[in-house]
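1. Any chance you could fold what I've pasted below:
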Amino acid sequence: MNQRKSDIRARVLDRRDALAPAERRRLSADITARILSLPACGRAQTVLAYSSFGSEFSTGAFIDAVLESGSTLVLPRVNRGTRQLDLYRVSNPKRELVPGTWGIAEPDPHVCPPVSPALVDMVLVPGVAFDRSGARIGYGAGYYDKLLVSCLALGGRPRTVAPTFGCQIVDAVPIEPHDVLVDHVVTESDCFPTPGG
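-> Sure, this is the predicted structure:
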């Protein structure tokens, strides 16, 4: 199972990395517009996003839109001690983010207040590969699966939305019992409400 996931991860990362920067920007804008049109996004009062890096879907415009809407923006910080994500409210990304694990921008815990996962209404879920059923392959550390399980344990059930370029969609992602499916997979050309969504 791990080898199958590793093979898919490597193949899809190659496809994603091959996109030209201008193409990624254009596709990211299209994906952002589709996400913002989702009813779940319009209803969300507290939104967990993430800082994109490398060849990922660019989250910048989505983050700006959340702040402009008046919703509470939450961003994750990797806690390497617990191997989990700690959540913090961010009001001004330009001033409140610092380089974190792997060089990804994360909230500065000295200026950003912590937020309980139970308060989150919507989660923007990163990943490498997705299928139309909502199964995903991340980067291999399991941080988001743990986070979504903790939301459920605290009584929350945030809507989960996975932004992804069309080249990252595969026929089927192998899943394990601990994997958590996302509610919506959103590409530049489509939105797949998954069976749970």
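
2. Can you report how many residues lie near Val90?
-> 26 (other C-beta atoms under 10 Å). All C-beta spots, glycine's among them, are computed from the backbone N, C-alpha and C.

3. Just to check, it is in contact with Pro114?
-> No - counting by C-beta atoms under 8 Å, Val90 does not reach Pro114; the two are 11.5 Å apart.

4. what are the phi and psi angles of the nearest residue to Leu181 once chain neighbours are set aside?
-> Spatial nearest neighbour of Leu181, excluding adjacent residues (C-beta to C-beta, 6 or more residues apart in numbering): Gly134 at 3.7 Å. Gly134 adopts backbone torsions of phi 100, psi 0, taken as degrees, to the nearest 10.

5. Over to Asp190?
-> phi -160, psi 160.

6. So Lys146 belongs to a strand, correct?
-> No - secondary structure of Lys146 (DSSP: H, G, I helix; E, B strand; the rest coil): helix, not part of a strand.

7. ok so, going back, okay, the residue nearest to Leu181: pLDDT?
-> For Gly134, the pLDDT comes out at 92.

8. do the same with Thr101
-> At Thr101, pLDDT is 78.

9. what about it, distance to Lys94?
-> 20 Å (C-beta to C-beta, to the nearest Å).

10. The two: who's more crowded?
-> Thr101 (12 against 6).

11. what's the more buried one in contact with, if anything?
-> Counting by C-beta atoms under 8 Å, 6 or more residues apart in numbering, Thr101 touches Val78, Arg80.

12. what about it, distance to Ala18?
-> Remark: distance between Thr101 and Ala18 (C-beta to C-beta) = 26 Å.

13. helices and strands of this structure: which one bottoms out on pLDDT?
-> The weakest-scoring helix or strand in the chain, judged by mean pLDDT, DSSP states H and E, is helix 143-153 (a mean of 80).

14. Contacts for the very next helix or strand once past that one, please.
-> Downstream of helix 143-153, the next assigned helix or strand under DSSP states H and E is strand 159-163. Strand 159-163 has contacts (C-beta under 8 Å, 6+ apart) with 28, 31-32, 35, 38, 40-41, 44, 57, 59, 62, 121-127, 130, 134, 136, 148, 180, 182-186, 197.

15. From Asp121, how far out is the nearest residue in space to Thr46 that is not next to it in sequence?
-> Counting by C-beta to C-beta, 6+ apart, Thr72 is the residue found nearest to Thr46 once chain neighbours are left out, at 4.3 Å. From Thr72 across to Asp121, the span is 9 Å (C-beta to C-beta).

16. follow-up on the earlier one: and the residue nearest to Thr46, what does it touch?
-> Counted by C-beta under 8 Å, 6+ apart, Thr72 has contacts Gln45, Thr46, Val47, Arg89, Val115, Leu119.
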